[in-house]
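Peer 1: Model the following, please.
(2 chains)
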2 protein chains.
Amino acid sequence: MAEHVDLLIQHAYLFTMSGSGVGYVPDGAVAVRGAQIVAVGPTDELDERFDAGELLDATDCAVLPGLIDAHMHTPLAIVRGVAQDVRHWMQLALAPYSRHMTLEAARAGSRLNVLEALKAGTTTQVDYTRPFPGWAAFFQEVGVRARLTPTINALPRRGMAGWTVGELYPFDEKAGQEAIDRAVEFGRQWHGAGEGRITVMLGPQAPDMMPREQLIQVKRLAEREGWMIHMHVAQGDREIEQMVKRYGQRTPAYLDELGYLDEQLLAVHLTEATDEEAALVAKRGTRMALCSGSIGIIDGIVPPAKAFRDVGGLVALGSDQACGNNCNNVFNEMKLTALFNKIRSRDPSVMPAWEVLRMATIEGAQAVGLGDEVGSLEVGKQADLISVDLTALNLSPVLTEPVRNIVPNLVYAASGHEVKTVIVAGKVLVRDGEVLVADEAAVRAEAQVQAADVAERVAADPVHEGMALLEAMEAGWL
Amino acid sequence: MAEHVDLLIQHAYLFTMSGSGVGYVPDGAVAVRGAQIVAVGPTDELDERFDAGELLDATDCAVLPGLIDAHMHTPLAIVRGVAQDVRHWMQLALAPYSRHMTLEAARAGSRLNVLEALKAGTTTQVDYTRPFPGWAAFFQEVGVRARLTPTINALPRRGMAGWTVGELYPFDEKAGQEAIDRAVEFGRQWHGAGEGRITVMLGPQAPDMMPREQLIQVKRLAEREGWMIHMHVAQGDREIEQMVKRYGQRTPAYLDELGYLDEQLLAVHLTEATDEEAALVAKRGTRMALCSGSIGIIDGIVPPAKAFRDVGGLVALGSDQACGNNCNNVFNEMKLTALFNKIRSRDPSVMPAWEVLRMATIEGAQAVGLGDEVGSLEVGKQADLISVDLTALNLSPVLTEPVRNIVPNLVYAASGHEVKTVIVAGKVLVRDGEVLVADEAAVRAEAQVQAADVAERVAADPVHEGMALLEAMEAGWL
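Peer 2: Next up is the predicted model:
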């Protein structure tokens, strides 16, 4: 007698991402019971074995694990597109907006970004932000998988205002301690929520933004709670200058001495790390979040992810912020990562499609500490998966012999709009490209209202007069 | 009394691309009579002035000139995704497929590619291929604007088979003359067809692929007929080697001596040109077609477009071939061009969004010799324009003050799937994302049939055993 399953996805060009490759199964099927995958294999076999509550026909679709976005700042979607094409993007473009970011704006931006990423097939969203009411609740409500990281720093509350370039930042240890305490409290409340879909990481903002002792304190807390640490590392020349001035060491050496470089750390960016420093960080077991799009736009730099992977380091992809990327879409990150690294190495064989697809799925899952739960389609894992419509003209035709063209086209030709179905923990969140679990139009409308409100405040604040893009506005370039 | 127009597009975030910037008009409108634009301005003014046969409400949309793709090889869409991530893509990945390209496959691939580009907002398609029956007819039938370039070379009919790397190619002057004669005949038949939407260029494949005398003959013919020349220039190290060996000169110096570098030449790629050579070519008035995506994938190189533009050269964007890009989409080319050049210069302010948007519209139109007809929305120009849905989550929210975010988001966040309406010469070819002028499903289905046929022939031909990607197939990476 046939076993009962809740969902049977069948007739797919199936990419399980198990093993060392992409795990292709022609005419493949996936059987799901509750939140879990109970079988993966050829459609005819699974069809015979199971009696399914729901059949999902994936004919002409690629089916693959849901994508992992290892580094997002979801609230910043509210100011999408205000901070690119300039030098010193943060000070000269974003800062005037940050000052006027209300809680309502942060919430509206975050919701917009969660749905944007979800529709583009991102099933695990690793978010990094100063917490605001309703942050975690929306991830839980929508049903997407999330690793939430409340930011911790010991900078004075007034921010960088009054700080002179080249001088050491002042630290406010009390503010740092409060941020640590808030993060721990947040973690105790949310870690494991939503049937385990919501988990928490500790997020020192950067090694130059808090005293050594507080950085060590966070490491001890993370060890005690069993949480990972998610931190910007070597993210800019400003950071390296601060580190050398304060401690006489560049960031990687400093963190190594502190015992910070291990499997518990997700190191974001490594923009300013040399190949040798990247290799050191990787060898210690630290994982890397590579944000190709944002670092390309903001800095014109390709981080040393190849050197990191060459010594066996695990790399996940991150979309960073919408003010300077300007989208949160792992398909975009796969393409840019492959292309940027070919250019950096002046070699078209560097970072082929299958490698970046692994970075977006199984390697990404391992890098963010969820390798046992998601990232590949295997029995016992969570049923996080997506289907992609290969009848889209930009993904047609499909060739299977002698060279299969599906993976290269998913990486170089797909945009994310071809994602048809998104399933997280066995639940269909997006069907035929429509979000089922939130009111997309209402989320967009609220983001528009909040964005207009923030922009109005910025326009009324004389500080905006120093913005780099005002020149482009005046010249009629925007 | 109100004047009659056929079409009035209103309530747009309008970007006319006239003048030196992006020509933004808030709540803008465009009035069209027949194939031409008769007025551009604020909606309330045009609404009062005109009585329109059709009203097109562009609320929440950006409206801008149709995009220009300056270099495509449309038939190669049939082998999309078979030739990336390898060194020597042409010999070790594409060649086994080229041998088995039938006329039916070429036609099916071309049609697929024309519709793919059209849906992504490309209204002017500059195609470059060996002619086949039905090539020009499909562009005419669909109604898209095209500049068609039949390839001319004097290589032996057997192609590069039997040629040893490092030796000079043999020339077959008779084959070269026949190709020239065919191209001229094609030009006389098609130049000006489709109410002027179809025009022709002469297309020597590259300066190393035909004798000097035949290259000069093509130049004389182009001058006599008033046609432009569209040629690969400095497209690879192989070409430069051939040129130095045969003529003792690198390509730019050779072409300069021949009097080839002038406004009549659209020089494609310049991959191997130095900054100095690019500047020389630009100063002579020659136009550049920059194929960022394909050269990034195939060579891992960023061509010297910045040096070319820095001395006043006109640059258009091209999507090249789907076997090694792997899509034909000017939105993709805008984003990659901006990002790659930032990386090449290690400077985020290089090639800002507005510059690449101009390269995709007015500058592109000027570069391909259509600057008086299309590329901007101005009275008297052809009504080639597109609307882009800004309610797509990845393009939301819209900010207008103090910094307008629409142009950066069109360049860095849009994928082309957000294109809603495509109008060429006043006729709506795509509405709400649906192609009105061809049977998209039938075109896709025919491409699938033809692609499977080509793949079957390749699999049966022992020559495919030397293909670079077979190793990836065997390893389970594809």
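
Peer 1: Which parts of the stretch 101-250 of chain A are helices?
Peer 2: A:103-119, A:135-142, A:173-190, A:212-225, A:237-247 (DSSP state H, counting those that start in this stretch).

Peer 1: And those helices: which comes nearest chain B?
Peer 2: Proximity to chain B (CB to the nearest CB) singles out helix A:103-119 among the helices of the stretch 101-250 of chain A, at 4.0 Å. No exception for glycine: its C-beta is placed from N, CA and C like everyone else's.

Peer 1: Contacts (any at all) between chain B and the closest one?
Peer 2: Yes - part of helix A:103-119 sits near chain B under the criterion CB under 8 Å from any CB of the partner chain, namely A:112, A:115-116, A:119.

Peer 1: mean confidence score for that helix?
Peer 2: Helix A:103-119 carries an average pLDDT of 98.

Peer 1: That helix vs helix A:135-142, what angle?
Peer 2: 40 degrees (axes from the mean of the first three to the mean of the last three CA atoms, to 10 degrees).

Peer 1: For helix A:103-119, buried residues please.
Peer 2: Judged by neighbour count using 16 or more other CB atoms under 10 Å in any protein chain shown, the buried positions of helix A:103-119 are A:104-119.

Peer 1: try stretch A:51-68
Peer 2: Neighbour counts over stretch A:51-68 (16+ other CB under 10 Å) mark A:52, A:56, A:58, A:60-68 as buried.

Peer 1: what's the span of that stretch, first residue to last?
Peer 2: For stretch A:51-68, the first-to-last residue distance is 31 Å (CA to CA, to the nearest Å).

Peer 1: before we move on, what about stretch A:302-313?
Peer 2: Terminal-residue distance, stretch A:302-313 (CA to CA): 17 Å.

Peer 1: and what of stretch A:164-173?
Peer 2: Using CA to CA, the end-to-end distance of stretch A:164-173 comes to 20 Å.

Peer 1: what is the mean pLDDT for the lengthiest helix in chain A?
Peer 2: Among the segments of chain A that qualify as a helix by DSSP state H, the longest is helix A:440-460. Averaging pLDDT along helix A:440-460 yields 97.

Peer 1: can you pull the contacts of A:Y247?
Peer 2: Each residue near A:Y247 by CB atoms under 8 Å, 6 or more residues apart in numbering or on different chains is listed here: A:212, A:254.

Peer 1: For the stretch 251-400 of chain A, list the residues in contact with chain B, please.
Peer 2: Proximity of the stretch 251-400 of chain A to chain B is confined to A:293, A:296-302, A:322, A:325-329, A:336, A:338-340, A:342-350, A:352-354, A:391, A:393-394, A:396-400 under the rule CB under 8 Å from any CB.

Peer 1: rerun that using 7 Å as the cut-off
Peer 2: Within the stretch 251-400 of chain A, the residues that sit near chain B (CB under 7 Å from any CB of the partner chain) are A:296-302, A:325-327, A:329, A:336, A:339-340, A:342-343, A:345-350, A:352-354, A:391, A:393-394, A:396-399.

Peer 1: Grab the CA positions of the longest helix of chain A and hand them over as PDB.
Peer 2: Output in PDB follows, covering the C-alpha atoms of helix A:440-460 (Å, rounded to 0.1, in the frame of the first residue of the first chain):
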ATOM      1  CA  GLU A 440       2.100  42.100  -1.300                       C
ATOM      2  CA  ALA A 441       0.300  45.100  -2.500                       C
ATOM      3  CA  ALA A 442      -0.300  46.300   1.000                       C
ATOM      4  CA  VAL A 443       3.300  45.800   2.000                       C
ATOM      5  CA  ARG A 444       4.400  47.700  -1.100                       C
ATOM      6  CA  ALA A 445       2.000  50.600  -0.500                       C
ATOM      7  CA  GLU A 446       3.100  50.900   3.200                       C
ATOM      8  CA  ALA A 447       6.700  51.000   2.100                       C
ATOM      9  CA  GLN A 448       5.900  53.800  -0.400                       C
ATOM     10  CA  VAL A 449       4.100  55.800   2.300                       C
ATOM     11  CA  GLN A 450       7.000  55.400   4.800                       C
ATOM     12  CA  ALA A 451       9.700  56.100   2.200                       C
ATOM     13  CA  ALA A 452       8.000  59.300   1.200                       C
ATOM     14  CA  ASP A 453       7.800  60.300   4.900                       C
ATOM     15  CA  VAL A 454      11.500  59.600   5.400                       C
ATOM     16  CA  ALA A 455      12.400  61.500   2.200                       C
ATOM     17  CA  GLU A 456      10.400  64.500   3.300                       C
ATOM     18  CA  ARG A 457      12.200  64.600   6.600                       C
ATOM     19  CA  VAL A 458      15.600  64.400   4.800                       C
ATOM     20  CA  ALA A 459      14.600  67.200   2.400                       C
ATOM     21  CA  ALA A 460      13.700  69.400   5.400                       C
END
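
Peer 1: How about residues contacting it?
Peer 2: If you take CB atoms under 7 Å, 6 or more residues apart in numbering or on different chains as the criterion, helix A:440-460 is touched by A:78-79, A:96-97, A:100-101, A:104-105, A:108-109, A:111-112, A:115, A:464, B:391, B:393, B:396-399, B:401-402.

Peer 1: So which bits of that helix are buried?
Peer 2: A:440, A:443-444, A:446-448, A:450-455, A:457-458.

Peer 1: Endpoints of stretch A:469-478, how far apart?
Peer 2: 9 Å.

Peer 1: I'd like the mean pLDDT over that stretch, please.
Peer 2: pLDDT averaged over stretch A:469-478 gives 97.

Peer 1: State the mean pLDDT of stretch A:287-297.
Peer 2: Rounded mean pLDDT across stretch A:287-297 is 98.

Peer 1: Run the chain-centre distance for it.
Peer 2: Distance of stretch A:287-297 from its chain centroid, counting by CA atoms, centre = their mean, to the nearest Å, is 10 Å.

Peer 1: Show me the shaky parts of the stretch 251-400 of chain A.
Peer 2: Within the stretch 251-400 of chain A, no stretch has pLDDT under 70.

Peer 1: residue ranges of the strands in it, please?
Peer 2: A:265-269, A:287-290, A:315-317, A:385-389 (DSSP state E, counting those that start in this stretch).

Peer 1: Serialize the ones you listed to JSON lines and add fields for distance to A:R224 and mean neighbour count.
Peer 2: JSON lines is the format used below for the strands of the stretch 251-400 of chain A (distance: least, CB to CB, whole Å; neighbours: other CB atoms under 10 Å in any protein chain shown):
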{"stretch": "strand A:265-269", "distance to A:R224": "16", "mean neighbour count": "27"}
{"stretch": "strand A:287-290", "distance to A:R224": "20", "mean neighbour count": "30"}
{"stretch": "strand A:315-317", "distance to A:R224": "25", "mean neighbour count": "30"}
{"stretch": "strand A:385-389", "distance to A:R224": "34", "mean neighbour count": "26"}
